[in-house]
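Q: No sequence on hand, only this structure:
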């Protein structure tokens, strides 16, 4: 299976369980790998046969910036569902991180893997 990768997509939104986190936007870093078959796209060279990664990135960024989820786990699962709404996507691996959320750590996060048949 082929992969389409979106790396280090930055969103700013409300996420977290602490009171102060509900009042401020924080950086949210998103990494996504979607699994698809690119053979037809290679043959036709048409966007209609591709996963439109630009549209997918915009949709995920907009969701992350407006969802106001309490947990990174919930947001990661939301984003995986968005990926699987695309008919050409068979599987999605989504990692959501909060840079600087833990002292002395560059970032903390959650990675989920979801398949179309789950």
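A: Thanks, I have it. Because the structure is predicted, anything quoted here is derived from the model rather than measured.
Q: from what I can see residue 26 touches residue 18, true?
A: No: at 10.8 Å, residue 26 and residue 18 do not qualify as touching, with contact defined as Cβ atoms under 8 Å. For the C-beta atoms, the positions are set from N, CA and C on the backbone; glycine is no exception.
Q: Comparing these two, which residue is more hemmed in?
A: A direct count of neighbours by other Cβ atoms under 10 Å for residue 26 and residue 18 places residue 26 higher, at 15 against 8.
Q: Quick check: beta-bridge partners of the more buried one?
A: Note on residue 26: beta-bridge partners by DSSP bridges are residue 13.
Q: I'd like the distance between it and residue 97.
A: Residue 26 sits 11 Å away from residue 97, taking Cβ to Cβ, to the nearest Å as the criterion.
Q: and what of residue 113?
A: Residue 113 is 16 Å from residue 97, by Cβ to Cβ.
Q: Looking at those two, which has the bigger crowd around it?
A: Using other Cβ under 10 Å as the criterion, residue 113 and residue 97 rank with residue 97 on top: 21 against 14.
Q: what does the model give that one for pLDDT?
A: Residue 97 is assigned a pLDDT of 97 by the prediction.
Q: That one is in what secondary structure piece?
A: strand 91-99 (DSSP states H and E).
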